[in-house]
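Colleague: next comes the sequence, and after it the predicted model I'd like to discuss.
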Amino acid sequence: MAEDGPKQPQLSMPLVLDHDLTKQMRLRVESLKQRGEKRQDGEKLLRPAEAVYRLDFVQQQKLQFERWDVELDKPGKVTITGTSQNWTPDLTNLMTRQLLDPAAIFWRKEDAEAMDWNEADALEFGERLSDLAKIRKVMYFLITFGEGLEPANLKASVVFNQL
């Protein structure tokens, strides 16, 4: 089958589990529990089924979102939510207003090889990443694991066309 002109080079950037940031956010939850304190008004506390991931933009300019590349090695669901802040939890807490809409949701049903996703929202979110890459070197994501999934079951990256 003939191709329609030359293809643009593509760049695949993985979402990487940030163990230190996830641990720091879990310690915040534990600290509040131990002291019997409540979260700050509007603060987002990490739930047990959530983890912090990061995307390091190895190239920041001239990127056009192409697609999400998400694999789950067993049935379940993940929700990928971007954050609007380059935050360091030892200095500032993650606030709910810093969570970006829409989120990208991916799932795999029992006995299904192919992944399903909320296509319109995932594409809109992906297109925003191209713009965010111009002003950031790194972006953080809150990933929620559902239906028995955990970080070991997920492999995710964002594929961009290099313009």
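Modeller: Yep, that arrived. Numbers count the residues shown, from 1 in each chain.

Colleague: show me what the longest helix anywhere in the chain is packed up against.
Modeller: Secondary structure assigned by DSSP state H gives helix 19-35 as the longest helix of the chain. Counting contacts by 3 or more Cβ pairs under 8 Å, 6 or more residues apart in numbering; DSSP states H and E, helix 19-35 packs against strand 50-56. For every residue, glycine as well, the C-beta is placed using N, CA and C.

Colleague: just the angle for the strand it packs on relative to helix 19-35, thanks.
Modeller: 150 degrees (axes from the mean of the first three to the mean of the last three Cα atoms, to 10 degrees).

Colleague: what comes up buried for strand 50-56?
Modeller: 50, 51, 52, 53, 54, 55 (16 or more other Cβ atoms under 10 Å).

Colleague: okay, the first one and residue 14: tell me how far apart.
Modeller: Looking back up the chat, that one is residue 50. Look at residue 50 and residue 14: by Cβ to Cβ, to the nearest Å, they are 19 Å apart.

Colleague: how about the strands of the chain, start to end?
Modeller: Secondary structure of the chain, counting by DSSP state E: strands at 10-14, 16-17, 50-56, 63-72, 76-82, 104-108, 116-117, 138-146, 154-162.
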